[in-house]
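K.L.:
could you work out the structure for the sequence below:
(one chain, ligands or ions: 1)
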Amino acid sequence: MHSLIIFASGTGTNAYAIIEYFKKNGKAKVSLVVSNKANAGVLEIAKREEIPFLIIDRKTFHETLLLEQLSSYKPSLIVLAGFLWKIPDALIHAFPGKIVNIHPALLPSYGGKGMYGHNVHNAVITAKEKESGITIHYVDEHYDEGDVIVQARCKVGQNDSADTLAKRIHKLEHFYFPRTIEFLLDTQ
Ligand code: GAR
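P.N.:
Residues are numbered from 1 along each chain as shown. Have a look, this model is predicted:
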């Protein structure tokens, strides 16, 4: 069975969708959840699901001890599901081609530092875009610039707020993220 490590900073709805999906299909299990926020909702999910978790700070994020801890779980993939810090080069080099991220817009538009969650949706609405979507991509040394694996689109209406758009985007994410991970595991 494949081992997955999830990095997340927020509520964790994507983490939950991935956990549930693989509980049912049995090809993988989430063996560790890593968060930079001690009060992140994703940690409540990890506790409830009895998944080991790790809380990191800026210092531990850059230590080789973290690499060793992550390696000990033998991850087939490291999945960034709403994780907001830039991944250190050492981590990218330790897991080449094995770190994937989800972004709530159609990259290369609306990516880069500071572009997360509602900041992204507000920018899309302000620019009067007619569509937005999600991008699942490999993580490289540059923020939101790694090779795209999958994109999915949705409409943006004139009356959309960041909240209503976020709901639509989350639906796409919860459907496509687990299935894309499964595809990557099957073709590894
Ligand atoms: C997701 O919409 C994800 O695309 C976004 O954070 C949200 C986390 O939601 N990620 C980024 O903005 C990365 N730049 P969740 O905690 O409910 O899964």
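
K.L.:
could you pull out the helices for the protein?
P.N.:
All helices of the chain, identified by DSSP state H, fall at 13-25, 41-48, 58-61, 64-71, 89-94, 117-126, 162-186.

K.L.:
shaky segments in this protein?
P.N.:
By pLDDT under 70, the chain contains no weakly predicted segment.

K.L.:
looking at it, which residue is nearest the ligand?
P.N.:
Proximity of the chain to the ligand (C-beta to the nearest ligand atom) peaks at Gly82, 2.6 Å away. C-beta: built from backbone N, CA, C; applies to glycine.

K.L.:
now do the end-to-end distance for stretch 18-35.
P.N.:
Terminal residues of stretch 18-35 are spaced 16 Å apart (C-alpha to C-alpha, to the nearest Å).

K.L.:
rewinding a little: contacts only, for the residue of the chain closest to the ligand.
P.N.:
Ala8, Ser9, Gly10, Thr11, Gly12, Asn14, Ala15, Val42, Ile102, Tyr116, Gly117 (C-beta atoms under 8 Å, 6 or more residues apart in numbering).

K.L.:
cutoff 7 Å now
P.N.:
Ala8, Ser9, Gly10, Asn14 (C-beta atoms under 7 Å, 6 or more residues apart in numbering).

K.L.:
of these, which pair is most distant in space?
P.N.:
Distance extremes for those: the farthest pair is Ser9 and Asn14 at 11.3 Å, using C-beta to C-beta.

K.L.:
name the residue in the two with the higher neighbour count.
P.N.:
Shown here are Ser9 and Asn14; by other C-beta atoms under 10 Å, Asn14 has more neighbours (23 against 20).

K.L.:
which one is the residue nearest the centre of the chain nearest to, not counting chain neighbours?
P.N.:
Central residue of the chain (C-alpha atoms, centre = their mean): Ala81, 2.0 Å from the mean position. Once flanking residues are discounted, Ala81 sits nearest to Asn14: 3.9 Å by C-beta to C-beta, 6 or more residues apart in numbering.

K.L.:
also Gly41?
P.N.:
Thr11 (4.0 Å).

K.L.:
what do you get for Phe95?
P.N.:
Nearest one to Phe95, counting by C-beta to C-beta, 6+ apart, is Ile78 at 5.7 Å.

K.L.:
kind regards, and thank you for your time.
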